[in-house]
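K.L.:
Sequence and predicted structure below; questions after.
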Amino acid sequence: MTNRIMLASGLAILASCLKNTNDIWEAHFGAAAIAASFFIEENGLIGETAEAIVEQADRMVARHSTGDARAEEPTGRTLDALSGERIIADALAETIDGLHWVGHNVIYAAIGMKAIRELGGWGTENEIGAIADLIRAFKGKIPGRSWIGFKTSEVKAISPPPPGELEGMNGSELSRLVLKELAKFKIIYRAEAHHDLIGHMLTFSHALVTLEELGYADLYQRGLFPLFKLIQVLRTTRDIRPGEPIRLVSPVDREPLWPAAPSSWLPTESAYWQIDRGENEWDFGHAFKFPYSFYHHVARAGGAEAAAYNNFRRILA
């Protein structure tokens, strides 16, 4: 796939998600296709590495595309980039003040808006409206389903941070904060309630940074408190030791939780992509999204300490 086709394919999956599945999760793979494209471009990846990423992303898109999720440019009058972005931004404004499904409303919206801008416009009014409906579908949804130490109701009840902790924080400062948080984990468990939450701390915060970069400062600022809730939960799990009693509130994870093994390769190395990242279907999307978010944070932060890279190896899908 060319860069433009990958972006358009990802947007088409976002737009067709609700219609085809009556659910919000198929869009995960559209966001991942867009992430794959930007990951290659922003990190200057070429040769075997870029080719391997494209091959796997192409395979993922093929699995999750339908007649409505076209790899071609949409038919009908294409909205200009600003109009398309604005429709999605207005929908996001209706949900961004709460933590919903660990920030996927923000993740889908921000990466979709960035792809539309990169393409100089994409989609008919109906197609862009379908993405907006997808974002609105998060209204009233839970913060997430799997937690260590917290019930969903307790996550919702987390208080705002002390005055000054978030106010005025720009995107570069947020990237530095998130990378420092990542570096502080003594152990990372291979569990949705830990590994995945840490990964989504990266992707949710990256989505906010993207909104700031696109010029949506108000949405960026409003999303900081919901992100803070996720960070606060994860801060309570940084120093858990193997064998320590864990209050696990999860429909999918069970004790004992197993420590995540570090990846031998980083996603900027071709060897990482010689493994079939689609063996676990859900993690197929994370294989593109987690690396894109991590490396974008590193670029915005001006670098990251070795401990952040070491822990990043443990959340690689």
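P.N.:
Received the coordinates, thanks.

K.L.:
Go ahead and flag the most central residue of this protein.
P.N.:
Central residue of the chain (C-alpha atoms, centre = their mean): Thr203, 3.4 Å from the mean position.

K.L.:
Please give the element, helix or strand, for that one.
P.N.:
helix 197-214 (DSSP states H and E).

K.L.:
For that helix, enumerate the helices and strands it packs against.
P.N.:
Using 3 or more C-beta pairs under 8 Å, 6 or more residues apart in numbering; DSSP states H and E, the elements in contact with helix 197-214 are helix 104-119, helix 171-183, helix 217-235, helix 281-301, helix 306-315. (Each C-beta comes from the backbone N, C-alpha and C, glycine too.)

K.L.:
got the buried residues for the fourth one?
P.N.:
So that's helix 281-301. 283-298, 300-301 (16 or more other C-beta atoms under 10 Å).

K.L.:
got it, and the second one?
P.N.:
The neighbour-count criterion (16+ other C-beta under 10 Å) identifies Gly171, Leu174, Ser175, Arg176, Leu177, Val178, Leu179, Glu181, Leu182, Ala183 as the buried residues of helix 171-183.

K.L.:
how close does the fifth one sit to Ser146?
P.N.:
Leu177 sits 24 Å away from Ser146 when distances are taken as C-beta to C-beta, to the nearest Å.

K.L.:
swap in the fourth one?
P.N.:
In this structure, Arg176 and Ser146 are separated by 27 Å, where distance is defined by C-beta to C-beta.

K.L.:
mind listing what Leu199 touches?
P.N.:
Not Leu; residue 199 is Gly. For Gly199, the contact set (C-beta atoms under 8 Å, 6 or more residues apart in numbering) comprises His286, Lys289, Phe290, Ile315, Ala317.

K.L.:
Quickly check these for the two that are furthest apart.
P.N.:
Farthest pair in the contacts of Gly199 (C-beta to C-beta) is Lys289 and Ile315. Separation: 11.0 Å.

K.L.:
For Leu14, give me its contacts.
P.N.:
Leu14 touches Ala27, Gly30, Ala31, Tyr108, Gly112, Ala130, Ile131, Leu134, counting by C-beta under 8 Å, 6+ apart.

K.L.:
Sorry, wrong one. I was asking about Asp253.
P.N.:
Here Asp253 is in contact with Ser146, Ala191, Glu192, Ala193 (C-beta under 8 Å, 6+ apart).

K.L.:
Columns distance to Leu99, neighbour count and secondary structure on top of those residues, output as JSON lines?
P.N.:
Conversion of the contacts of Asp253 to JSON lines gives the following (distance: C-beta to C-beta, whole Å; neighbours: other C-beta atoms under 10 Å; DSSP: H, G, I helix; E, B strand; the rest coil):
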{"residue": "Ser146", "distance to Leu99": "14", "neighbour count": "18", "secondary structure": "coil"}
{"residue": "Ala191", "distance to Leu99": "19", "neighbour count": "22", "secondary structure": "coil"}
{"residue": "Glu192", "distance to Leu99": "16", "neighbour count": "20", "secondary structure": "helix"}
{"residue": "Ala193", "distance to Leu99": "15", "neighbour count": "24", "secondary structure": "helix"}
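
K.L.:
Thanks a lot, see you next time.
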